[in-house]
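1. attaching a predicted model along with its sequence, questions to come.
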Amino acid sequence: MKTMLRSATTLLFALLSVNACAQNQTDTTPPGSRFDLSGYTLQLPIPWRDSIQEVRGNSLNAYSSNYFYLDSTNGAMVFYCRSGGATSHGSHYPRSELRDNNEWQFAGQHNLIATLAVDEQPASGNLIVGQIHGTHSNTEALKVRWSKGNIVVGVKRNTSATEERFTLVKGVALHERFTYNIAQNDHVVTVTVNGASMAFTYDSTWDGERVYFKAGNYLQDNGSPETAGRVAFFALQRQ
């Protein structure tokens with residue numbers, strides 16, 4: 001009996017130690033302490049009034065939660081989202097994602113550069129980790145997807161066109177770091193991932209549309225039973 005009690009006590013201590021270790025990896029230090037989040041709005045898969053919760057400004061610099069946190073083991077900014085999360089207007093899918101507040105048009109030059117890894121995939125195996133998005137519905141100019149280990153670029157070269165998809169890089173495993181660069185120069189957008197590039201020319205239908213960058217974890221899954229996606233950003237810079 002004493003032997004069984006000692007064994008149970010040892011097991012309980014081990015489980016508590018593992019749990020404590022996991023909590024230390026997702027401590028309360030906000031990502032804003034390491035990353036420049038000025039000019040971003042964080043969108044979360046949490047219902048708020050008739051849409052989703054957003055965090056911006058000084059509140060974002062100090063914000064941390066289960067959906068958005070700093071991994072103390074590697075310094076990554078982590079975006080977590082479950083397939084049953086709340087969705088924004090016009091979307092079927094939930095997100096934990098940064099929206100750049102700076103809007104621009106297809107003129108001049110704008111860049112978004114990120115180094116990241118997908119650490120957990122939902123049942124669909126698909127997440128969007130970078131975008132150029134318009135201010136009106138159905139104006140997603142460009143999407144960078146991690147799709148079951150492949151990096152797939154989706155483009156709408158005309159605002160009313162159906163999205164075209166191109167596989168840019170294959171075989172990016174879970175936990176494997178990769179870097180993307182979305183470089184817009186007037187009507188040409190070049191996407192580079194780990195040295196492989198594709199360029200796309202957008203037509204004049206985009207001239208009157210204001211667009212902006214997005215980065216994070218736009219989960220392409222709303223299925224049940226719930227699954228989740230987790231994306232870790234090690235660097236994020238817009239120019």
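-> Ah, there it is.
2. remind me which residues of the chain are low pLDDT?
-> 1-27 (pLDDT under 70).
3. center of it - which residue?
-> residue 216 (1.6 Å; C-alpha atoms, centre = their mean).
4. skip the chain neighbours and tell me the closest residue to that residue.
-> residue 97 (3.4 Å; C-beta to C-beta, 6 or more residues apart in numbering). Backbone N, C-alpha and C define where each C-beta goes, glycine included.
5. for that neighbour, give me its contacts.
-> Each residue near residue 97 by C-beta atoms under 8 Å, 6 or more residues apart in numbering is listed here: 42-43, 79, 214-218.
6. elements contacting the helix or strand hosting residue 130?
-> Assigned by DSSP states H and E, residue 130 belongs to strand 126-134. Under the contact criterion of 3 or more C-beta pairs under 8 Å, 6 or more residues apart in numbering; DSSP states H and E, strand 126-134 touches strand 109-120, strand 140-147, strand 178-185, strand 211-219, strand 228-238.
7. now the angle between strand 109-120 and the fourth one, please.
-> Between strand 211-219 and strand 109-120, the angle formed by their directions is 0 degrees, by axes from the mean of the first three to the mean of the last three C-alpha atoms, to 10 degrees.
8. now strand 211-219 against strand 126-134, angle please.
-> 160 degrees.
9. by how many degrees do strand 211-219 and strand 140-147 diverge?
-> Going by the same axes, to 10 degrees, strand 211-219 makes 30 degrees with strand 140-147.
10. same thing with the last one?
-> With the same axes, to 10 degrees as the criterion, the two stretches strand 228-238 and strand 140-147 enclose an angle of 130 degrees.
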